[in-house]
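Participant: I'll drop the sequence and a predicted model, then ask my questions.
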Amino acid sequence: MNNDERSRTYPTRPYLAVSAAIFRDGKVLIVRRARPPAHGLYTLPGGGVELGETLEEAVIREIKEETNLDVEPVALAGYRQAITRDAAGGVERHFVILPFAARWLSGELSLNEELGEAHWLDPSALAKLETTEGLALIVKAAADRIATAAR
C-alpha cells in the first residue's frame, strides 16, 4: 500500500473520484473490485482525480489504467457519495464519485490488479448482481445521456 492509498483510509477530507458507464454495442462494462474499497462488488471502473487534471482527463486515464480501453466521456450521469465508518463511528473512507456516460472507442479488456473481472452486460442484468449502491440508477442515467447525445 503506497502513501496515497494509506491517506485515503481515515482521511482528513473527502476524495474526488470519477467512474464511467462505458457503452459498446448497447452493452455496459461492469467490473468486479478485487480489493477495497467495494471489494467483491460489481461497479463501474474509475478512480481518483489527480491534481491539475480535468474530470474528463481523469476518466480517460483511469479507464485506460484499469481496463486498457480508450473511451470518450460524453456527459456526467449523476454523483455518488461513498462514506464508510468504522465500529466507533469514525470516517474510514469518504469519496465523492462523479460517474460519466462514455462511449468505447477502441481496445480490448486487460484488467489491472484493482479489478477481478469484467463483463459487457445488458443493463437489465445488473439486477442479478451484488453491486455498489445505486449502480443501476447511474447506468440508466448514463444510457439516457448516450441516447440523447446520439440524436
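Facilitator: That came through fine. Please read all numbers here as calculations on a predicted model, not as lab measurements.

Participant: As a check, name the ranges of all strands in the chain.
Facilitator: 15-24, 27-33, 42-43, 46-48, 70-76, 80-85, 91-106, 115-121 (DSSP state E).

Participant: Can you tell me which of the ones you listed is nearest to residue 132?
Facilitator: Between residue 132 and those, the shortest separation by Cβ to Cβ is 4.3 Å, and it involves strand 42-43. Any C-beta I mention is one placed from the backbone N, CA and C, and that applies to glycine too.

Participant: Just the residues contacting the closest one, thanks.
Facilitator: 19, 30-33, 126, 129-132, 135 (Cβ atoms under 8 Å, 6 or more residues apart in numbering).

Participant: any chance of the residues you listed in JSON lines, plus neighbour count, distance to residue 57 and pLDDT?
Facilitator: As requested, the contacts of strand 42-43 are exported to JSON lines (neighbours: other Cβ atoms under 10 Å; distance: Cβ to Cβ, whole Å; pLDDT from 0 to 100):
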{"residue": "19", "neighbour count": "27", "distance to residue 57": "14", "pLDDT": "98"}
{"residue": "30", "neighbour count": "23", "distance to residue 57": "23", "pLDDT": "98"}
{"residue": "31", "neighbour count": "23", "distance to residue 57": "20", "pLDDT": "97"}
{"residue": "32", "neighbour count": "19", "distance to residue 57": "26", "pLDDT": "97"}
{"residue": "33", "neighbour count": "18", "distance to residue 57": "23", "pLDDT": "95"}
{"residue": "126", "neighbour count": "18", "distance to residue 57": "28", "pLDDT": "96"}
{"residue": "129", "neighbour count": "15", "distance to residue 57": "29", "pLDDT": "97"}
{"residue": "130", "neighbour count": "9", "distance to residue 57": "31", "pLDDT": "97"}
{"residue": "131", "neighbour count": "19", "distance to residue 57": "26", "pLDDT": "97"}
{"residue": "132", "neighbour count": "17", "distance to residue 57": "23", "pLDDT": "95"}
{"residue": "135", "neighbour count": "23", "distance to residue 57": "24", "pLDDT": "97"}
